[in-house]
Each structure stands twice: as structure tokens, then as C-alpha cells.
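*Asks:* Need the 3D shape of this:
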Amino acid sequence: MKQLFSLSKIYLTLAVALFSSFFAGCSRQKEPLARTGFYFDTVITVTLYDKQEETLLDECFSLAEIYENAFSKTVKGSDVWKINQGKGKPVKVGKDTLTLLQSALSYARLSEGKIDPTIGPVTKLWDFSASSHAALPSRENLEEALSHVGYQGVMISEDSVSLFDPQAEIDLGFIAKGYIADRMKDYLISQGVASATINLGGNVLTIGSRPDGAPFRVGIQKPFAPAGTPALTLPITDLSVVSSGIYERYFELDGTLYHHILDTKTGYPVQNNLFEVTVISPSSMDGDALSTACFLLGLEEGMALIESLENTEAVFFTSDGNIHATSGLKDLVP
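*Replies:* Numbers count the residues shown, from 1 in each chain. I've put the predicted structure just below:
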């Protein structure tokens, strides 16, 4: 497998939730230009190191708003909202929504349904933000919701989407942020930007390297440690780093931890002794989908999937405290 970046300087020291503090030391001649906002229910930050123009950030955040208003299942009038409210009738959607949905379906097929964009009826039964009054969905409600999950029932015809099951619902949360990060990167490159970072709530995508030629250093959150505690720090040039883990959105009830990565067969959080999966790849959309897919597949199948893909590496954190890396990263793990 092709090694994606130099491992000559690996620092065993992050927090996927907020990487920007690790992008220090870019250039002593001028400070980077950064902007932070709140989209997709998370904090996002775009930082420009070479071509520092406010209008570039204006456009990036305009894209964030446009895509949130297209892909969010909760924003009334979004493409996804209209599909879900369409009760099985064809709904005309934008080109980006079609592209994203087609990619989501391809990953559903690749994972043999482990990830499924029609998981919406199940995800809305869970509330991982209400830890003070956490409750489990009833088994009856989960079984009813699961009966409407099946990516094979998504029908795309030209610029329209329909659901074979009128009670099915699309949820693109496992892939949307990665797609948006890629589009931001495309825009910045088209404007001549050669050094930048895009952080969409832990989906970190870099453009080039730091102005001095050194790689960016992107940290990976240590599971269940205080925010900002890195397990590893990777030197990254022109690549994406995306993590899926169980340590941010979860609640505990009667001594059991329930997290947001749901098994499409049972409707409950998947239990496979994984705490976190981080994928390094050229595309943030691919990394976003693959990190979730690999988490759901488990350590052995997830590792095998990554090893079968070109220009893609991954790190798996297991509940016993061990770190497992794919072949291109073996020098990372002692």
C-alpha cells in the first residue's frame, strides 16, 4: 500500500473536536487568517496561511450555509427534508444533493448495508444530547423504524429522488461534512490558495503544507480523555483526517454506555470493542464515510477494507487501550 506521507516525525501526543490549536508555527512573517462559525450542529473553522483574503472566507461560509440548507434533514425546505416529506413521490433536488446521495449509496453497497442513508427513522428515536434524562427507545419502536431502513429503496431518476417506502427517511450525517469540506477545498484551490486548513467539527482537510514547507500536524483525540488530549499527532500534507468515535455523543444508563453509531440491523449502538476509527485519505468525503463504515465493520473487516483501497490509511483504537494501524502507518505504532 502506498504510504501517504512521511512518518519521519510522528509525535505521540489531540482532540478531533478542535484541531486548530495544532496548526501553529506556520509562518513568523504573518499570522494566518481564520474564521469560525457554527454549522451542521458543530463548530467549523477555515484557516488561510498564504492567500489571506476575507472574501475567500466569505465564500467558504456561504458554501457552508448553502450546503446545510440542502443536506440537513432538520432544515425545513432542504433537499433532504423534501425527500423525507415526499411520502414516496419524486422530489427534484440539486446537483450536489444527487452527487452526495449517489456516493452515500455506493458506500452502503460497499459496506453491505452496515451504513445506510435511510437510517433516518432509527436515528430520530435516539437523543444523545439529553444525558440528564436519557432514555432508550422501546424495542417495538425500533423494530418499526428498522422495517423502513433499506438503501435499495432509494430511487434516483435524472434530477429527482423518491423513496420506495413512503415512511423511509434519508440521513446523510455520515458523509455530508466530508463532501462539504471537499467542495470548500476545490473553491480555495480555484482561487489560488496553496496553504490552508478546513476543520468541520473534526473533519480536518488540509490544502498543501505550511508556508515553510513543513507538514501540518493534526492531532487525534484520545478516546474519553479531556478534550484536547491527543493520542497521536500526524504530519499531514494535502490530505484529509476524519475520525468516528463513541466518546463525544453518548449517554450512560444503568452502567451501560449508549453511543450514536447505530447498527443498521438492531437499531442499537454497535458493540465491537472499538472506541474510535481515524481515516487518512485524499478526499474528506471518502474519509467521512469510511471512518463510519470501518467502525461498524469492526477491527478485522475494517482493516481489510482499508488495506484494499489505494491511497487510504487508518488507525483503530480498541477498548483494551491498543492502537492498530494499517500497513502504510505501521511505523506509527510501537
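*Asks:* all contacts plus neighbour counts: C-alpha atoms, from now on.
*Replies:* Noted.
*Asks:* Contacts only, for residue 169.
*Replies:* Contact analysis of residue 169 by Cα atoms under 8 Å, 6 or more residues apart in numbering lists 83-84, 118-121, 148-149.
*Asks:* can you do 7 Å?
*Replies:* 84, 118-121 (Cα atoms under 7 Å, 6 or more residues apart in numbering).
*Asks:* tell me the SS of residue 98?
*Replies:* Per DSSP: H, G, I helix; E, B strand; the rest coil, the secondary structure class of residue 98 is helix.
*Asks:* what about the residue lying closest to it once chain neighbours are set aside, neighbour count?
*Replies:* In space, residue 98 comes closest to residue 159 once its chain neighbours are excluded; the distance is 7.1 Å by Cα to Cα, 6 or more residues apart in numbering. Residues near residue 159, counting by other Cα atoms under 10 Å, number 13.
*Asks:* Residue 308 now?
*Replies:* Residue 308, neighbours per other Cα under 10 Å, totals 11.
*Asks:* Over to residue 331?
*Replies:* So residue 331, with other Cα under 10 Å, has 12 neighbours.
*Asks:* That one looks like it's in a helix, true?
*Replies:* Yes - secondary structure assignment places residue 331 in a helix (three-state DSSP).
*Asks:* can you pick the most crowded of the contacts of residue 169?
*Replies:* Top of the contacts of residue 169 by neighbour count (other Cα under 10 Å): residue 118, with 28 neighbours.
*Asks:* What's the separation between that one and residue 287?
*Replies:* The span separating residue 118 from residue 287 equals 20 Å under the rule Cα to Cα, to the nearest Å.
*Asks:* residue ranges with poor pLDDT in this structure?
*Replies:* When residues are selected by pLDDT under 70, those of the chain lie in 1-29, 130-132, 332-334.
*Asks:* ok, which stretches of the stretch 51-200 of the chain are strands?
*Replies:* Listed in chain order, the strands of the stretch 51-200 of the chain (DSSP state E, counting those that start in this stretch) span residues 91-92, 154-157, 160-163, 196-200.
*Asks:* among these, which is the most enclosed?
*Replies:* Burial among the strands of the stretch 51-200 of the chain, expressed as mean neighbours by mean count of other Cα atoms under 10 Å, is greatest for strand 196-200, which shows a mean of 27.
*Asks:* Which residues are in contact with residue 276?
*Replies:* By Cα under 7 Å, 6+ apart, the contact list for residue 276 reads 223, 243-246, 316-317.
*Asks:* And residue 134, by the same measure?
*Replies:* residue 251.
*Asks:* again, 10 Å this time
*Replies:* Contact analysis of residue 134 by Cα atoms under 10 Å, 6 or more residues apart in numbering lists 126-128, 250-253, 258.
*Asks:* same thing with residue 61?
*Replies:* For residue 61, the contacting residues are 35-39, 44-46, 55, 67, 184, taking Cα under 10 Å, 6+ apart as the criterion.
*Asks:* Can you flag the buried ones in these?
*Replies:* Burial of the contacts of residue 61 was assessed by neighbour count (16 or more other Cα atoms under 10 Å); the buried members are 39, 44-46, 67, 184.
*Asks:* residues in contact with residue 119?
*Replies:* By Cα under 10 Å, 6+ apart, the contact set of residue 119 is 145-146, 148-151, 168-173, 262-264, 267.
*Asks:* can you pull out the helices in the stretch 51-200 of the chain?
*Replies:* Counting by DSSP state H, counting those that start in this stretch, one finds helices in the stretch 51-200 of the chain at the ranges 54-71, 79-85, 95-110, 120-123, 139-146, 176-190.
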